[in-house]
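A.B. asks: Dropping a prediction and its sequence here:
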Amino acid sequence: MAVVTGFSWPLECEVHVLSGMTTQPLRDLLRVTIDNSQPFALDNMPLSVQTAVGLGRLSFEPVFKQARSNTTTAQGNTLVHGNGVDFELETGRVIALPVPAGQRRMRNFLVWAELEIVEYIKDTEEMPIGDDHSVLGVPVGGEAPGSGSGSGGSGGSSTGPATPVARTALTVIRIHVHDRIRNWWPTPGKLRVVSGSAGSLPRLLAEFDDGVAADISDWPGVIEGLRLDWTSADPARVQVDASTGLLRSISAPSTPAVDIRATLNHPALPPGFAPSAPVSAHVVTAWSQARPVTFIAGPGPRRHESATNILFLADGFIAGEEARFRELVARLANLIVSREDIQPFKLLRESINFWGLFLASEESGTTLLSEHLAPPGNAAFKLDEMPDADLEHETGPLTLERLIRLIGLPVPTDFGAGESDADAFARLVSFLANDFVLPMPFNVDLATFVAWRRLAGRGLVESRDTLFAVQAGGRPFVGRRPSPRRHWIVAGSRMTTLRRWSARFIATSKTADRPSACR
């Protein structure tokens, strides 16, 4: 029996909209996954599949305070009006509008999508579990169409009745609204392009008038009427896909670097809106021969034929850091074969070889995709990750995570220049009651408010030009919140077997030492 196992927006980032922009219908961006394998856009899902998995009504709920009564469009759709935003309930389309002078714009809000599903479950079957954001319903009684009659049905069979179970799949996304874009640029600022190959792909970052920095690489597929074009200053040496920005070199290594630029066109952008700063594409030589590996730990090199061989590849380590890399690999190898909670490695320690391969990267550090907070004042440098919104609990103590869910994220322009925490805290309720329906009593203590205000200084770290383009984490996306939180590493290039014997590869990356300013 086919079942729905996923329901989400397949975007890599949260949605950022400028005044004068309209998003594509959020409904069109949603994907439903069947049996953990096949994702469908709702409008492209065959009717037979919709029937088989029991798809029902899709509805949207924008989480903001209505500025005035709902209205109806010429097409018969319902518009919900917030402060500077219109939201179309039937399609999920977001329309960003100007706000009158002196009126504060609503900066960001959540949109929940709810998909009703009816699945026919035999008494002997378990209810299928979906993704992190699916919520199981309750039995509603009755039998599957045709059950017990030999004719089958939606999930039924001729051997007995099945119970229809109502289930609700939920997913959520955050929408950010800005008045203007100050600056935008590709990251990293320089990229190695291996001669005769493709694979390098820059991202696009932007800084808005409210001081928020964001990834806008998804804009072409999200904003109606927006066009993004990539061009190369020397396509005979480095080509660029006009729509995706994917770089390819067909020439031998040569100097100087080739400038790659992006151009954005949209009516909401000012006339003559400048192209992006360039990506400096350097063509480098492909590896022409095998590279020697270093034995780190295990039963020994002579047993490589019979042992499991794990190879650590350096990424984000620059020339002169080989000793540091080997020290790190030795520590990781010891942890793997000594900890009780990652069995069976400890039991198999006499049959696992650990190896290291050091290759210097152009830049130090690994690309960090999630939003981070720089330390206040002149504190020792350390990046803190942004906390998650609490999407699971409607009630309870007003923690920082619940506050993020209820009132969104702060932005620098929410606060006056030099305004103290105490003064900003004093006007908190009236400041936020303009945009959101707040629970009463709305008991926020000063310490929680100060922690929330600090989030206005969040930012993204520039991408790094490293050998394997290893990336850690994910771009800000409230709907992708795992529970418990998970971290993952993605290698941006294909890795092959080493010589004639199989090796398992782990990209060993070095955390970025410092953030680049989002300017």
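C.D. replies: Thanks, I have the structure now.
A.B. asks: what's the single longest strand in this protein?
C.D. replies: strand 163-178 (DSSP state E).
A.B. asks: That one - contacts with which helices or strands?
C.D. replies: Where contact means 3 or more Cβ pairs under 8 Å, 6 or more residues apart in numbering; DSSP states H and E, strand 163-178 is packed against strand 4-8, strand 15-18, strand 108-121, strand 134-135. C-beta: built from backbone N, CA, C; applies to glycine.
A.B. asks: So which bits of the longest one are buried?
C.D. replies: Going back to what we said before, that points to strand 108-121. Buried residues in strand 108-121, counting neighbours by 16 or more other Cβ atoms under 10 Å, are found at 108-115, 117-121.
A.B. asks: can I assume L406 is in contact with N443?
C.D. replies: No. Proximity of L406 to N443 does not meet the contact threshold set by Cβ atoms under 8 Å, at 11.9 Å.
A.B. asks: quick one, which of these two is more surrounded?
C.D. replies: L406 (20 against 9; other Cβ atoms under 10 Å).
A.B. asks: neighbouring contacts of the host helix or strand of that one?
C.D. replies: Assigned by DSSP states H and E, L406 belongs to helix 400-407. If you take Cβ atoms under 8 Å, 6 or more residues apart in numbering as the criterion, helix 400-407 is touched by 110, 387-391, 393, 396, 432, 435-436, 438-439, 444, 448, 451-452, 455.
A.B. asks: try 7 Å this time
C.D. replies: The contact list for helix 400-407, computed with Cβ atoms under 7 Å, 6 or more residues apart in numbering, reads 387-391, 393, 396, 432, 436, 438, 444, 448, 451-452.
A.B. asks: Strands along the stretch 101-250 of the chain, start to end?
C.D. replies: 108-121, 134-135, 163-178, 181-187, 190-194, 203-208, 213-215, 227-232, 238-240, 247-249 (DSSP state E, counting those that start in this stretch).
A.B. asks: ok so, going back, out of the helices and strands packed on strand 163-178, nearest to L228?
C.D. replies: strand 15-18 (14.1 Å; Cβ to Cβ).
A.B. asks: re the thing from before, out of the strands of the stretch 101-250 of the chain, which is closest to A257?
C.D. replies: Per Cβ to Cβ, nearest to A257 of these: strand 190-194, 7.0 Å.
A.B. asks: and the closest one, what other elements does it pack with?
C.D. replies: strand 247-249, strand 279-284 (3 or more Cβ pairs under 7 Å, 6 or more residues apart in numbering; DSSP states H and E).
A.B. asks: Could you list the low-pLDDT ranges of this structure?
C.D. replies: Confidence mapping of the chain against pLDDT under 70 gives the ranges 1, 120-162, 376-382, 480-519.
A.B. asks: ok, longest helix in it?
C.D. replies: helix 322-338 (DSSP state H).
A.B. asks: Could you count how many residues lie near E61?
C.D. replies: 14.
A.B. asks: Just list whatever residues bridge to the residue nearest to it when sequence neighbours are not counted.
C.D. replies: Spatial nearest neighbour of E61, chain neighbours left out: W112 (4.5 Å); criterion: Cβ to Cβ, 6 or more residues apart in numbering. Taking DSSP bridges as the rule, W112 bridges to E61, V172.
A.B. asks: In this structure W112 contacts V172, no?
C.D. replies: Yes. In this structure, W112 is within contact of V172 by Cβ atoms under 7 Å, at 5.0 Å.
A.B. asks: Give me the buried positions along stretch 425-437.
C.D. replies: Result for stretch 425-437 [16+ other Cβ under 10 Å]: buried residues F425, L428, F431, L432, N434, D435, F436.
A.B. asks: What about the residues you listed, which are in strands?
C.D. replies: Going by DSSP E, the strands hold none of the buried residues of stretch 425-437.
A.B. asks: and of those residues, the nearest to F7?
C.D. replies: Of all the buried residues of stretch 425-437, F436 has the smallest distance to F7: 25.2 Å, by Cβ to Cβ.
A.B. asks: Now that that closest one has come up, it's in contact with A67, right?
C.D. replies: No. The pair F436 / A67 is not scored as a contact, 11.8 Å apart, by Cβ under 7 Å.
A.B. asks: mind checking how far E207 is from A214?
C.D. replies: 8 Å (Cβ to Cβ, to the nearest Å).
A.B. asks: Those two: which has the busier surroundings?
C.D. replies: Legend: neighbour count by other Cβ under 10 Å for E207 and A214, higher for A214 (25 against 20).
A.B. asks: can I assume that one is in contact with R203?
C.D. replies: No. Using Cβ under 7 Å as the test, A214 is too far from R203 to be in contact (10.8 Å).
A.B. asks: Put together TSV for the helices and strands packed on strand 163-178, with distance to L247 on each row.
C.D. replies: Shown next, in TSV, are the helices and strands packed on strand 163-178 (distance: least, Cβ to Cβ, whole Å):
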stretch	distance to L247
strand 4-8	29
strand 15-18	25
strand 108-121	33
strand 134-135	38
